[in-house]
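S.K.: requesting a structural model of the entry that follows:
(2 chains)
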Protein chains: 2
Amino acid sequence: MSILVVGSVALDSVRTPFGEVEEVLGGSATYFSVAASFFSPVRVVAVVGEDFPAEHLDFLGSRGVDIGGLRRVPGRTFRWRGFYDYDLNEAHTLDTQLNVFEEFDPEIPEEYRDSEFVFLANIDPTLQLKVLEQVRSPRLTICDTMNFWIENKRSELMEIIKRVDCLLLNDSEARQLAEEPNLIAAGRRLQSTGPRRVIIKKGEHGVIMLGENSYFSLPAYPLETVFDPTGAGDSFGGGFLGAISREPDLTEDAVRRAVVYGSVVASFAVESFSCDRLRTLSGEEIKARYDEFMEITCF
Amino acid sequence: MSILVVGSVALDSVRTPFGEVEEVLGGSATYFSVAASFFSPVRVVAVVGEDFPAEHLDFLGSRGVDIGGLRRVPGRTFRWRGFYDYDLNEAHTLDTQLNVFEEFDPEIPEEYRDSEFVFLANIDPTLQLKVLEQVRSPRLTICDTMNFWIENKRSELMEIIKRVDCLLLNDSEARQLAEEPNLIAAGRRLQSTGPRRVIIKKGEHGVIMLGENSYFSLPAYPLETVFDPTGAGDSFGGGFLGAISREPDLTEDAVRRAVVYGSVVASFAVESFSCDRLRTLSGEEIKARYDEFMEITCF
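M.R.: Just a heads-up that it's a prediction; the model follows:
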């Protein structure tokens, strides 16, 4: 059940129509590992600067996240500043300071190399590939990406996509990467390049998953207020891979259930800034919202 | 099981990324009645000009559509010309010639006034209200609308919405009418103004239905090619009300099934220009796609 995530741990400053926060806990590996920690133990490989608050490390530790692979190096932690308008589907970046993340070169500790489930969060595809070469025989590997890598490292990105079991990306990234406006056709095209499954996140419109001979579509949980969408995709990834890690067999049914769990955790994550909602989330609340998903989609 | 529709019968000229047609059969009442005719007999109240091709009347007749209320008057038939880019969610209008439709004043024939199910297609809300006043005691009434009426006849529109059982509109119209960017909140707000149910069409993202104490979300059928989206919403309405008309009781389950049937018929309608795909559609194909909807959404 061991899950490994490699990605960013950051300090985010975010403004949404509902409020504003300065330098709160963020980063893809953070959201992922907190989300996955509701299901299985998680190992994090990431880097922070000397200025990273100890309380955040304590929080991750309290969630049972193994931070032995989270290096603290001289310099400042990765910072992101951005805002969302009422169209919460699009993040507007005001400032990105890579800081110590610029030199991030993920070295997987020997004791992490047997991880069964590997999440390659949104980092340089060259680094994603390097991680993949260090893990021994994972049961399932997933990679996420973003428009920056599609535009600037397409061939490296296609190389990693060819080698993972599952590609996770959002709808505009899927269209851009496949160079195809129809989302279903884009997903099929990407799936044919290698990964057994392509999962496309559509924000308020839910998620679709394309497999070799399968198609699954799940609407979003109906939230009347999306407080802050930052980290929704990584929270989905964490909930998804966490749920997967508890399944004895990776059948279509099992993977579909995991998509629902991913959507459940993501729907909570966007209810407040940072991972704040996940700090108080309970297993009972996760189960109740899973049941609600059944209720609102069944016919 | 008698269904009444009041709306437009038109000649459409449409260009999409996949082709172009001139003056083909179109109009909201056309799409609706052809779609509904797979389930129950339909009565149409509309108006056409002297130039309206007899073959189209023959086609409607062949589908069992009662065109006794379809008046043919001196002048030219309503014409619409438009195009779609790769973003097929938005129709770009090049030319609208209302012609005989400008003076349309729907008089419901005496023998139609006992109709059990009434679809008020997208026409002036003042006319929709006039229709409602002429029918006796329908089991279910639905109205559709569009941005033009939201902008120019808001108070009349709110009056008709208050009086129908079900409001049908698309996502941008719902946001505009409710003056609320969050779609779920917009739907709830509209539902609180009167109608028991609000159905919001989201094109490639499916459809949501908000009831007094219920919420249902259905993804779209995964089409790799949407050939021409014209008439998708009215085809949905026809499939929906057609399926409703065959249910003994209007329970939540029954209405959800009807939403799926509406989506099934709409997914066929967009596979070619005009109602062409519906000309050859069979009951078996409808049933097969209904089953596919179950398969792609269940977990």
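S.K.: tell me which element the closest residue to residue A:238 other than its chain neighbours falls in.
M.R.: Distance criterion C-beta to C-beta, 6 or more residues apart in numbering or on different chains; nearest residue to residue A:238, sequence neighbours excluded, is residue A:35 at 2.7 Å. (C-beta placed from N, C-alpha, C; glycine too.) Here residue A:35, judged by DSSP states H and E, is contained in helix A:28-36.
S.K.: how about the very next helix or strand once past that helix as CSV, C-alpha atoms only?
M.R.: Remark: after helix A:28-36, the chain's next helix or strand is strand A:42-49, criterion DSSP H and E. Provided in CSV are the C-alpha atoms of strand A:42-49 (Å, rounded to 0.1, in the frame of the first residue of the first chain):
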residue,chain,number,x,y,z
VAL,A,42,2.5,8.4,1.8
ARG,A,43,6.2,9.1,1.2
VAL,A,44,7.1,12.5,-0.1
VAL,A,45,10.1,13.5,-2.1
ALA,A,46,10.4,17.3,-2.4
VAL,A,47,12.5,20.3,-1.4
VAL,A,48,11.9,23.3,0.8
GLY,A,49,14.1,26.2,1.9
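S.K.: could you give the angle of strand A:42-49 to helix A:28-36?
M.R.: 150 degrees (axes from the mean of the first three to the mean of the last three C-alpha atoms, to 10 degrees).
S.K.: strand A:42-49 - contacts with which helices or strands?
M.R.: Applying 3 or more C-beta pairs under 8 Å, 6 or more residues apart in numbering or on different chains; DSSP states H and E, one finds that strand A:42-49 makes contact with strand A:3-6, helix A:28-36, strand A:65-66, strand A:70-73.
S.K.: centre of the chain to the first one, how far?
M.R.: What separates the centre of strand A:3-6 from the centre of its chain is 10 Å, taken as C-alpha atoms, centre = their mean, to the nearest Å.
S.K.: what residues are up against the nearest residue to residue A:202 once chain neighbours are set aside?
M.R.: In space, and not counting its chain neighbours, residue A:202 is closest to residue A:171: 4.8 Å by C-beta to C-beta, 6+ apart. Shown in contact with residue A:171 (C-beta atoms under 8 Å, 6 or more residues apart in numbering or on different chains): A:183, A:200-203, A:205.
S.K.: just residue A:185 next, same as before
M.R.: Contacts of residue A:185 (C-beta under 8 Å, 6+ apart): A:178, B:224-225.
S.K.: about what we covered before: max pairwise distance over the contacts of residue A:171: which two?
M.R.: Farthest apart among the contacts of residue A:171 by C-beta to C-beta are A:183 and A:203. That separation is 12.6 Å.
S.K.: the more surrounded of those two?
M.R.: residue A:183 (24 against 21; other C-beta atoms under 10 Å in any protein chain shown).
S.K.: where does that one land on pLDDT?
M.R.: With respect to pLDDT, residue A:183 scores 95.
S.K.: which other helices and strands contact the helix holding residue A:35?
M.R.: strand A:3-6, strand A:42-49, helix A:54-62, helix A:232-245, helix A:252-269.
S.K.: what's the angle from it to helix A:54-62?
M.R.: Using the same axes, to 10 degrees, helix A:28-36 lies at 40 degrees relative to helix A:54-62.
S.K.: which residues does helix A:28-36 contact?
M.R.: By C-beta under 8 Å, 6+ apart, helix A:28-36 touches A:3, A:5-10, A:42, A:44-46, A:56, A:60, A:63, A:65, A:119, A:121-123, A:144, A:231, A:234-239, A:241-242, A:245, A:262, A:265-266, A:269, A:275, A:278.
S.K.: counting neighbours, which of the residues you listed end up buried?
M.R.: Using 16 or more other C-beta atoms under 10 Å in any protein chain shown as the burial test, the contacts of helix A:28-36 include A:3, A:5-10, A:42, A:44-46, A:56, A:60, A:63, A:65, A:119, A:121-123, A:144, A:231, A:234-239, A:241-242, A:245, A:262, A:265-266, A:269, A:275, A:278 as buried.
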